[in-house]
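Trainee: sharing a sequence plus its predicted fold:
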Amino acid sequence: MFDNIPLTELAIKQGGYDWGMLAYAVGYGGSMLWFGSSAGVAISGLLPQARSITGWLRHGWHIALGYVAGFLVALALVGWHPG
């Protein structure tokens, strides 16, 4: 799970990444953190409890589990093709 802007910039500078897997990692992974998306920042402005790490771990652990499972399924179906 990585924030989308710095990881995408790093990938463009270095080259040799599998762009499909990178898009999954930065699109889903960056958005599952409250500060990783505009919607997350907006909702945390209205509901400050949305920034709670303990609340996220208690009520949102399944999101990270789904992210990892989806990444592994995509990797198994499509494979790894850097270039």
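Mentor: Arrived safely, thanks for sending. Predicted, not measured: the structure shown is a model, and the values here were computed from it.

Trainee: what comes up buried for the helix or strand that contains residue 68?
Mentor: Secondary structure from DSSP states H and E places residue 68 in helix 61-78. Neighbour-count burial for helix 61-78 flags 67, 71 (criterion: 16 or more other CB atoms under 10 Å). C-beta: built from backbone N, CA, C; applies to glycine.

Trainee: what segments of the chain are helices?
Mentor: With helices called from DSSP state H, the chain shows them at 4-14, 19-31, 38-46, 53-59, 61-78.

Trainee: need the ones you listed in CSV (columns: mean pLDDT).
Mentor: Shown next, in CSV, are the helices of the chain (pLDDT from 0 to 100):
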stretch, mean pLDDT
helix 4-14, 77
helix 19-31, 78
helix 38-46, 81
helix 53-59, 83
helix 61-78, 90
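
Trainee: okay, now residue 32: neighbour count?
Mentor: Around residue 32 there are 17 other residues, counting by other CB atoms under 10 Å.
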